[in-house]
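Engineer: sharing a model that was predicted from the sequence below.
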Amino acid sequence: MVDEWWNTIVRVLDYFLITMQSEVFFVFYIVTGLVVLYYLCKPLIRFLVALEWHTFLTYIVVVLCMFHLIYMYMDEPNWRYIIYGISIFSLIISVNRLFTVLKDKQAHSN
């Protein structure tokens, strides 16, 4: 079975190399990038699930609203300070949620 899979992979890669179609390579790069990002983001998502989804969804809505307000009222936003602000806000939310979870666990253990 492994030999069959290997032969199939070799045939597909031979097709890519023989045809050299830029569209095929573009799709291949997109799929490869998505797979890599999926496995890189998986631990982050597990962390966000531990923080509970309502906190995460509230955070996303607040950040998106802030981006909308920034675009409405600023001609050329300075991205460095915007990223600093979002990072500090994220730390505040995460630490607040961490203390809440620890307090809840401590209450349940007694």
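Structural biologist: Received, thanks.
Engineer: domain parsing of this structure, as residue ranges.
Structural biologist: 1-48, 52-110 (automatic domain parsing).
Engineer: could you give the average pLDDT over the longest one?
Structural biologist: Domain 52-110 comes out with an average pLDDT of 80.
Engineer: that one: how far from the chain's middle?
Structural biologist: Averaging C-alpha positions (Cα atoms, centre = their mean, to the nearest Å) puts domain 52-110 15 Å from its chain's average.
Engineer: one more: the first one?
Structural biologist: Mean C-alpha position of domain 1-48 versus that of the full chain (Cα atoms, centre = their mean) differs by 19 Å.
Engineer: just want the most central residue of this protein.
Structural biologist: Residue closest to the average C-alpha location in the chain (Cα atoms, centre = their mean): residue 41, at 4.8 Å.
Engineer: SS state for that one?
Structural biologist: Here residue 41 is helix, with the state taken from DSSP: H, G, I helix; E, B strand; the rest coil.
Engineer: who's in contact with it?
Structural biologist: Listed by Cβ atoms under 8 Å, 6 or more residues apart in numbering, residue 41 has no contact partners. The C-beta positions use only the backbone N, C-alpha and C, and glycine is treated the same way.
Engineer: distance of it relative to residue 98?
Structural biologist: Remark: distance between residue 41 and residue 98 (Cβ to Cβ, to the nearest Å) = 21 Å.
Engineer: now residue 85
Structural biologist: Residue 85 is 20 Å from residue 98, by Cβ to Cβ.
Engineer: and residue 91, by the same measure?
Structural biologist: In terms of Cβ to Cβ, residue 91 sits 10 Å off from residue 98.
Engineer: in the helix or strand hosting residue 92, what counts as buried?
Structural biologist: Counting by DSSP states H and E, the element that carries residue 92 is helix 79-109. Buried positions in helix 79-109, judged by neighbour count with 16 or more other Cβ atoms under 10 Å: 93, 97.
Engineer: other SSEs contacting that helix?
Structural biologist: helix 22-51, helix 53-73 (3 or more Cβ pairs under 8 Å, 6 or more residues apart in numbering; DSSP states H and E).
Engineer: how far does the longest one sit from its chain's centre?
Structural biologist: Right, the one you point to is helix 22-51. Taking mean C-alpha positions (Cα atoms, centre = their mean), helix 22-51 and its chain are 8 Å apart.
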